[in-house]
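**Q** the following comprises the amino acid sequence and a computationally predicted model.
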Amino acid sequence: MPPVHETLAEITDFLERHPPFSALTAEARAALAQRAAIEYFPSGAEILVQEGPPSEHLYVVRRGAVELLDQTDVVDVLEEGESFGHPSLLTGLPPNFTVRAREDSLCYLFPADATVAALSDPAGVRFLAATLEERLERTAARAGRVTPWSTRHVRELARPPLICDPESSIRDAAVRMNEEGASSVVVPLAHGGYGLITDHDLRARVVTGEVSADAPLSTLASAETLTTSADRLAFDVIVDMLEARVEQAVVVERDGTLVGVVDHAALLDLGSPSPLVVRREIERARDVTALARAVRELPRVAVRLLDASVEPLDVLSVLATTTDAVTRHLTEFALAELGDPPARWAWLSLGSEARREQTLATDQDNALAYDSEGQGVEVYFATFAERMNGWLADCGYAECRAGVMARNAGWRLPHAGWMELFDTWLSAPTRRDVHMAMIGLDVRQVAGPLRIEAELDALLASAPRHPYFLERLTQAALEIRPPLGFLREFVVERSGEHVGKLDLKAVGASPVVNLARRHALAAGSTAKATVDRLHAAAARGVLAEDTAVELEEAFVTICRVRLEHQAAQVERGVQPDNHVDPRELAPLARRQLKEAFRAVDRAQRSLDARVATRIP
């Protein structure tokens, strides 16, 4: 299959046409192309061998096709522009599949250092995370297990830490590591938190002579160690590791208590199938039509998660994380169509997506920020937002009935405009301002180079200094009462198309979300998720601990009933909604839902309602 040799320009041009290389800078593509080797594989040739030596290259199919085999079964066929070998290359683990030339094929081969350097930007990280997840999906499908790897919490995967005093010598720590078979030591830092010293650090800095083996461990330990919460999902943490370019992370509880250390091997060898293979299709989509086709699989993903007894809040998080991936991919399409933006920008998710509490019955809540003004800038970003909102709708995310979308000028503002809007909400909010703020205050940046989220969070942290704002939030948190009547029966809708049903978003989840937001902001916390807000408020003494626990349990119950209702609709081929007929609930679910509403009622009553009544 001639030719076997190609010019640097030809290699660069090919990479520019295929993801993830198409998303790299021209400089990064050129640097990668310079390290390329090209190799010919005749039909039937084995390129990598299942459970054989680890791959030494990232392979990209230039011409022809290769097949992945599990023993003798073909599990996938990769064609021009598709990659293989990198999961083994990056982890040092044996290939999970044999890769065999399906026909005469040419492949580009890239060494490890060039691969890591080229794919260390966000687009490359997402590609690596998606394909590593796919490796697990295929690996575990053989084992027939049912627990999705990406919904395992890192608490379950962390190993006990080897802890050393910061004043201990590096030599003594290395001896202990060798004796206990540990690949790292955890070092408590003087100002709080933990440092992590790995065997890689010893090789790179001590063996080379940069740091003396007799120096204290504090010489190597730093606050830059990747630290993750024990209740994070495995998929989220491996993405963090790829972004930070580290192989291990310290795992702590919410209160900072040390749990242990988790490494890439634990995250990549879980041996259980992931229902999130749809993420791979999202990353590979070449246009909006293909992206929409991938998103249509998302409801079935949620059904599989629930069938596997995944916690409801984790299902919500998976749905929101997938929406983030869709949104980021759409921004790439928009930039490709419209050209380079005239200013730095940030695409912001609002509401349930920002809290990572998205269900199957969701609509768009989003905004756009940019750091420059002028007619040309506004025209560009107005067009950008129009494309994004339209494409999100094409992908199944309904347009917000209240107009909370970036295409509307009130949610598309320059940097100074966002600062002014948040200041207005905090300083002198009207009743309408508060209701809009209850959406806008739940904000998380999804894409773009303008780092505005931290600045908005800094403003929110000042909420305790704005009592009038908190009074308004208190009033809003008391407006929607739990749907239980005098006889403790459900108060259902009396008119409209949903007569006899409960809206579990409006009268179920929203009261808990509003209470958690109010209490967290009163405590000066900028936590996003409802449960995180409850814990933050309790930790700072704004909310009683038992009330926080009751509200968390109530929220989980409401979300579970809501998701199960939507999953049943998906299986019947019905558009998911939030309107549940209580007569159709199982007796246990009815009882649990009533207890949840009573807990919300108790929490609302514990607020001083007189504060709200003093507001004109």
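**A** Now that the structure is in, tell me what you want to look at.

**Q** give the pairing partners of the helix or strand where residue 68 lies; include direction for each.
**A** Counting by DSSP states H and E, the element that carries residue 68 is strand 66-70. Strand pairing for strand 66-70, determined by DSSP bridges: strand 73-78 (antiparallel), strand 98-101 (antiparallel).

**Q** so for stretch 442-461, mean pLDDT?
**A** Averaged across stretch 442-461, pLDDT comes to 93.

**Q** err, stretch 288-296, not the other one
**A** Computed over stretch 288-296, the average pLDDT equals 90.

**Q** what does stretch 587-597 give?
**A** Mean predicted confidence for stretch 587-597 is 89.

**Q** list the buried ones in that stretch?
**A** 589-590, 592-594, 596-597 (16 or more other CB atoms under 10 Å). (Glycine included, C-beta is placed from N, CA and C.)

**Q** any weak-confidence spans in the stretch 51-200 of the chain?
**A** 91, 120-151 (pLDDT under 70).

**Q** can you pull out the helices in it?
**A** For the stretch 51-200 of the chain, applying DSSP state H, counting those that start in this stretch gives helices covering 86-91, 112-118, 122-143, 170-180, 199-201.

**Q** for the second one, which outside residues touch it?
**A** In this case it means helix 112-118. 21, 24, 28-29, 31-32, 35, 56-58, 86, 89-90, 110, 124, 245 (CB atoms under 8 Å, 6 or more residues apart in numbering).

**Q** just give me how far that helix sits from the chain centre.
**A** 24 Å (CA atoms, centre = their mean, to the nearest Å).

**Q** do the same with the last one
**A** On the basis of CA atoms, centre = their mean, the separation between the geometric centre of helix 199-201 and that of its chain is 28 Å.

**Q** what does stretch 76-95 give?
**A** The answer for stretch 76-95 is 24 Å, by CA atoms, centre = their mean.

**Q** show the end-to-end separation of that stretch, please.
**A** Its first and final residues considered, stretch 76-95 spans 14 Å by CA to CA, to the nearest Å.

**Q** next, the buried residues of that stretch.
**A** 78, 81-91, 93, 95.

**Q** check those residues and tell me the two furthest apart.
**A** 81 and 93 (24.8 Å; CB to CB).

**Q** tell me the contacts of residue 344?
**A** Counted by CB under 8 Å, 6+ apart, residue 344 has contacts 370-372, 448-450.

**Q** try 6 Å this time
**A** Neighbour list for residue 344: 371, 449-450 [criterion: CB atoms under 6 Å, 6 or more residues apart in numbering].

**Q** quick check: the residue nearest to residue 357 when sequence neighbours are not counted vs residue 310, distance?
**A** In this structure, residue 357 finds its nearest non-sequential neighbour in residue 316, 4.6 Å apart by CB to CB, 6 or more residues apart in numbering. Computed with CB to CB, to the nearest Å, the distance linking residue 316 and residue 310 is 10 Å.

**Q** the two: which has the busier surroundings?
**A** Comparing residue 316 with residue 310 by other CB atoms under 10 Å, the one with more neighbours is residue 316, at 27 against 23.

**Q** need the pLDDT of the more buried one.
**A** 90.

**Q** secondary structure class for it?
**A** helix (DSSP: H, G, I helix; E, B strand; the rest coil).

**Q** any idea how far it lies from residue 309?
**A** Residue 316 is 15 Å from residue 309, by CB to CB.

**Q** domains of the chain?
**A** Per automatic domain parsing, the structural domains of the chain span 8-119, 151-268, 312-460, 466-613.

**Q** let's have these in a markdown table, adding distance to residue 299.
**A** Below are the domains of the chain laid out as a markdown table (distance: least, CB to CB, whole Å):
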| stretch | distance to residue 299 |
| --- | --- |
| domain 8-119 | 24 |
| domain 151-268 | 16 |
| domain 312-460 | 5 |
| domain 466-613 | 4 |
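
**Q** so which of these is nearest residue 300?
**A** Of all these, domain 466-613 comes closest under CB to CB, at 6.9 Å.

**Q** now the closest one: how far from the chain's centre is it?
**A** 24 Å.

**Q** can you check stretch 328-347 too?
**A** Using CA atoms, centre = their mean, the offset of stretch 328-347 from its chain centre is 20 Å.

**Q** show me what counts as buried in it.
**A** Quick answer for stretch 328-347 (16+ other CB under 10 Å): 328-331, 333-335, 341, 343, 345-347.

**Q** among the residues you listed, name the ones in helices.
**A** 328-331, 333-335 (DSSP state H).
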